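S.K.: below are the sequence and a predicted model; questions follow.
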Amino acid sequence: MPEVKSRPCFLTPSRMNPDHPLFVFLPGMDGTGQLLRSQTTGLESGFDIRCLAIPADDLTSWEELTEQVVALVEAEVKKQPNRSVYLCGESFGGCLAMKVALRSPKLFDRMILVNPASSLNQRPWLRLGAQLTHLVPELIYRLGAVWLLPFLAHLERILPGDRQALLDAVRSVPPKTIVWRISLVRDFHMEESKLRSLNLPVLAIAGGADRLLPSVAEAQHLASVLPNAKMLVLPRCGHACLLEADVNLYEIMKAENFLESREKNLANISS
């Protein structure tokens, strides 16, 4: 994938599929867009993939970030009109996905939320830790990032290369940016009335063994509020479940009947 530019941009895997539905991935707190790596091969069989990458020094507000993502998606849709657009957000990206979908609901056909960080306020110790992060010298922070990994993922379920990618992603974000992004999630709030107006199909995926956030409870809440949502619990999975070796997002979507028929998509594209 190409290098991240000075503002949020889309990274594109080497294989392009312009005749397939567009799959837009919004990443977690690292913002690199690189941690979809273990899912790309499976997803490429049915989608044209774009991964949002947010620069490590980006300190924009929810509103500005939302507008930037909508503009990026609109630019992709303009290149290939009429095809379906799937929006997938993981952790921090799950919060962003909800804001983006509410900003432009007609732009998207389906949404997947993976361990969305909208439940952060139920973890007071995490909020406190984030507030103290700016007091830690950056070198010590980067060296100590390895101690955060067991909270982010069940490392024994992740292949060595993906484990290193996770560590590199965590280390790539400076403390100042981590503090800012956690402050965004801390202040994240969605009025239930607005969520109830979002009619697109939603699949809320929760890691049943998430040590970082109460993802199962949050998925249950979202499934009860979003009018066309269903939830799926992956019992053995942690927070960064998309990196786990036995998790195949494309197969999950197939098993949950969350894929539109190829015939319908071909008809949309040709119309």
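M.R.: Yep, it's here.
S.K.: low-confidence ranges in the stretch 101-250 of the chain?
M.R.: Where the stretch 101-250 of the chain drops to pLDDT under 70, the residues are 121-151.
S.K.: Tyr250 touches Gln39, doesn't it?
M.R.: Yes - using CB atoms under 8 Å, Tyr250 makes contact with Gln39 at a distance of 7.3 Å. All C-beta spots, glycine's among them, are computed from the backbone N, C-alpha and C.
S.K.: show me what contacts the closest residue to Val69 other than its chain neighbours?
M.R.: Using CB to CB, 6 or more residues apart in numbering and skipping residues adjacent in sequence, the residue nearest Val69 is Val100, 5.0 Å away. Shown in contact with Val100 (CB atoms under 8 Å, 6 or more residues apart in numbering): Leu26, Thr66, Val69, Val70, Val73, Leu87, Phe108.
S.K.: nearest to Ile178, of these?
M.R.: Lowest distance from Ile178 to the contacts of Val100 (CB to CB) belongs to Leu26, with 17.2 Å.
S.K.: show residues contacting the longest helix along the chain.
M.R.: Assignment by DSSP state H gives helix 62-79 as the longest helix of the chain. Helix 62-79 is contacted from outside by 7-10, 18, 22, 24, 26, 50, 52, 54, 58, 60, 83, 85, 87, 95-96, 99-100, 103-104, 107-108, 184, 188, using CB under 8 Å, 6+ apart.
S.K.: beyond that helix, next helix or strand please.
M.R.: The C-terminal neighbour of helix 62-79 among helices and strands, as given by DSSP states H and E, is strand 85-90.
S.K.: check which element follows that next one along the chain.
M.R.: Counting by DSSP H and E, the next helix or strand C-terminal to strand 85-90 is helix 92-103.
S.K.: can you list the strands that the helix or strand just after that next one pairs with?
M.R.: Next helix or strand after helix 92-103 toward the C-terminus (DSSP H and E): strand 110-114. The partner list of strand 110-114 in its sheet, established with DSSP bridges, is strand 85-90 (parallel), strand 202-207 (parallel).
S.K.: turn those strands into TSV, including distance to Trp180 and mean neighbour count.
M.R.: Listed next are these as TSV, based on distance: least, CB to CB, whole Å; neighbours: other CB atoms under 10 Å:
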stretch	distance to Trp180	mean neighbour count
strand 85-90	18	27
strand 202-207	25	26
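S.K.: what is the neighbour count of Arg103?
M.R.: When neighbours are counted by other CB atoms under 10 Å, Arg103 registers 13.
S.K.: cool, and the one 10 residues further on?
M.R.: Residue crowding around Leu113 was assessed by other CB under 10 Å; the count is 31.
S.K.: these two touch, right, it and Tyr86?
M.R.: No - with contact defined as CB under 8 Å, Leu113 and Tyr86 do not form a contacting pair (11.8 Å).
S.K.: and Met231, what does it touch?
M.R.: By CB under 8 Å, 6+ apart, the contact set of Met231 is Leu203, Ala204, Ile205, Ala206, Ala219, Gln220, Leu222, Ala223.
S.K.: switch to 10 Å and redo it
M.R.: Met231 makes contacts with 113, 202-206, 216, 218-224, 256, as judged by CB atoms under 10 Å, 6 or more residues apart in numbering.
S.K.: hmm, Gly207 and Pro116 touching each other?
M.R.: No - using CB atoms under 10 Å, Pro116 is not in contact with Gly207, being 11.3 Å away.
S.K.: shared neighbours of these two, which are they?
M.R.: By CB under 10 Å, 6+ apart, the residues touching both Pro116 and Gly207 are Leu213, Ser215, Ala219.
S.K.: distance check, Ala75 against Pro18.
M.R.: 14 Å (CB to CB, to the nearest Å).
S.K.: what residues are shared contacts of these two?
M.R.: The contact sets of Ala75 and Pro18 do not overlap (CB under 10 Å, 6+ apart).
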